[in-house]
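[1] need the 3D shape of this:
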Amino acid sequence: MAQLISALMAAKQLGVSTKTLDNWRSSGKGNLPFVKVGWLVKYKQEDIDTYINNNTFAHTGENHKEHVND
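    Have a look, this model is predicted:
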């Protein structure tokens, strides 16, 4: 079973505010999946880890598409 974490814990791991996660959810920006448990918003730890891995670059000039296709 997937480990679910709170929006606050996800925000801390990503170094963003919970408001940023709210904005990403409502706009679709960030491409970070979330889980609704009743009225609560949760994140799968594996999705947080995947997001971090997919957004890790060697230098600022690296193209995101090049990185994803590696």
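[2] so how far is Thr50 from Val41?
    Counting by CB to CB, to the nearest Å, the gap from Val41 to Thr50 is 18 Å. (Each C-beta comes from the backbone N, C-alpha and C, glycine too.)
[3] and the two? Which one has more around it.
    Neighbour count, other CB atoms under 10 Å: between Val41 and Thr50, Val41 has more, with 17 against 13.
[4] and the helix or strand that the more buried one is a member of, what does it pack onto?
    Using DSSP states H and E, Val41 falls within strand 40-44. Counting contacts by 3 or more CB pairs under 8 Å, 6 or more residues apart in numbering; DSSP states H and E, strand 40-44 is packed against strand 4-6, helix 7-14, strand 35-37.
[5] for Ala10, what are its contacts?
    Neighbouring residues of Ala10 by CB atoms under 8 Å, 6 or more residues apart in numbering: 21, 32, 43, 48.
[6] and the second one, what pLDDT?
    So the one you mean is Leu32. Leu32 is assigned 95 on the pLDDT scale.
[7] excluding sequence neighbours, find me the nearest residue to it.
    Distance criterion CB to CB, 6 or more residues apart in numbering; nearest residue to Leu32, sequence neighbours excluded, is Tyr51 at 5.3 Å.
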